[in-house]
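Colleague: Could you work out the structure for the sequence below:
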Amino acid sequence: MVERMLSAPEVITKRLDPESSPGKHLDLRLLSQFLAVCDAPSMTAAAARLGLSTPAVSQLVVKLEREVDVVLFERSSHGVRLTPAGAVMRDRARQLLESEDDILRELEAYRERLIPRLRIHVVSSVAIHLMPVIVSQLNHAVGQLDIRSGHEPKYVEDLLRGEIDLTISTEDMHDIPSIEQFRLCEEKLIGIVPTSMRHCSLTELTEALPFIRFTRGRRLQRLVENYLTTININPPVGIECSTPGPTMELVSSGLGWTVATPLTVSYLKADLSKVAFIRLPEPVASRRIYLAAQANALLDLPQRLAEHCRNALHTSVAAWKNDSGYQVWFDMVRVESASSTTRQHIGPRGRTGSVHPLGAHRR
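Modeller: Coordinates of the predicted model:
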């Protein structure tokens, strides 16, 4: 049978014209009909399934063979069967049509919303200030909004893998070409001590009380340790806390002191009769907070959301200026102005047409 098939003139594969091949295109409707022929036991059965006559089915097969310049079926007195080229065409056609179905299903979600789902990670130190504005601004533009907050060491990898869409964090990703990044603010370190020791030097504090560290390995703790080393303060191994809450409780109880940033502890209601915030010796280290997203994936949504986040931070910081207990915070946090140029990376935009404003959707 193999010898008969190879010798049959109908199954000799035509040689493709190398100059005409790049211009060939596949008709998806014709491919769908071709698969119906492949799956049917005969041309007659395929014709019945497609609602066509048997000669019409034969013609569509001939048409496809002419388009691809390859014989796809072996014809004989016993009927027709796929050639090796036809088997390749069948398998690839299935993949292509399944991909078409997948694309159409995915696009259905965009009929009602500009973005059907948005996954965001927000560092916990700014979450209380930014969560309300994020939700309110995205409510009309996003179908499902998933927001994570807290210490998640793999959020950068998750962003690069496409498992989250946008991050607000202290991670500087300006050197990653596929990421666009917007600076929100910069904040300096502050000392947090029991009120009774607000006038002590750091050396005196180190001798009198244990130093409370945040969990080792976190970016904030590395920043603090590098700063203390720079100013020649080396507290002995003391207490380690994973979150600011227990840290503030220990300080207010007079059981230790620590170094953090205003935004790290701003969501905690400190008892100012027991806790004092002090300026640290220069040069004081600082950290920056950024909004980052995949470049060109969300139109201008990241840029516009960054502006709203800056406005929210401006409001929070401005409130500290008139509160005697927190005035030191006001000087330690610098929020980027909405009009400043703070995009850290701009990938090739290449956009044409109008851009949807944040919160708007046009059918």
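
Colleague: going forward, measure contacts between C-alpha atoms and count neighbours the same way
Modeller: OK.

Colleague: Show me the shaky parts of the stretch 1-150 of the chain.
Modeller: Counting by pLDDT under 70, the stretch 1-150 of the chain has low-confidence residues at 1-24, 106-114.

Colleague: Show me the strands in it, by range?
Modeller: Taking DSSP state E, counting those that start in this stretch as the test, the strands found in the stretch 1-150 of the chain are 73-76, 79-82, 115-122, 142-149.

Colleague: Looking at these, which one is packed in the most?
Modeller: Mean neighbour counts were taken over these using mean count of other CA atoms under 10 Å, and the top value, a mean of 19, falls to strand 115-122.

Colleague: rewinding a little: looking at the strands of the stretch 1-150 of the chain, which is closest to Phe214?
Modeller: strand 142-149 (17.3 Å; CA to CA).

Colleague: on that earlier part again, now the strands of the stretch 1-150 of the chain in CSV, with distance to Ser324?
Modeller: Conversion of these to CSV gives the following (distance: least, CA to CA, whole Å):
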stretch, distance to Ser324
strand 73-76, 87
strand 79-82, 85
strand 115-122, 29
strand 142-149, 30
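
Colleague: To Lys188, which of those strands lies closest?
Modeller: Among the strands of the stretch 1-150 of the chain, strand 115-122 comes nearest to Lys188, with 19.5 Å by CA to CA.

Colleague: what comes into contact with the lengthiest helix in the chain?
Modeller: In the chain, taking DSSP state H as the definition, the longest helix is helix 84-108. Among residues not part of helix 84-108, those counted as contacts by CA atoms under 8 Å, 6 or more residues apart in numbering are 28, 31-32, 34-35, 38, 70-73.

Colleague: Kindly calculate the angle that that helix makes with strand 115-122.
Modeller: Orientation check (axes from the mean of the first three to the mean of the last three CA atoms, to 10 degrees): helix 84-108 against strand 115-122 gives 70 degrees.

Colleague: returning to what we had before: out of the contacts of helix 84-108, flag the one nearest to Leu52.
Modeller: Within the set of the contacts of helix 84-108, Phe34 lies nearest Leu52; the separation is 12.9 Å, counting by CA to CA.

Colleague: Against Arg94, how distant is the closest one?
Modeller: The gap separating Phe34 from Arg94 is 10 Å, by CA to CA, to the nearest Å.

Colleague: more crowded one of the two?
Modeller: The neighbour comparison of Phe34 against Arg94 (other CA atoms under 10 Å) goes to Phe34, with 21 against 14.

Colleague: wait, the more buried one sits on Val61?
Modeller: Yes - the pair Phe34 / Val61 is scored as a contact, 6.7 Å apart, by CA atoms under 8 Å.

Colleague: follow-up on the earlier one: Ala270 is nearest to which of the strands of the stretch 1-150 of the chain?
Modeller: Among the strands of the stretch 1-150 of the chain, the nearest to Ala270 by CA to CA is strand 142-149 (21.6 Å).

Colleague: Name every strand pairing with that closest one and say which way it goes.
Modeller: Using DSSP bridges, strand 142-149 pairs in its sheet with strand 115-122 (parallel).

Colleague: for the strand it pairs with, the distance to its chain's centre please.
Modeller: Remark: strand 115-122 is offset 8 Å from the chain centroid, using CA atoms, centre = their mean, to the nearest Å.

Colleague: Name the nearest residue to Tyr155, sequence neighbours excluded.
Modeller: Taking CA to CA, 6 or more residues apart in numbering as the measure, Tyr155 lies nearest to His121, with 7.2 Å between them; neighbours along the chain are not counted.
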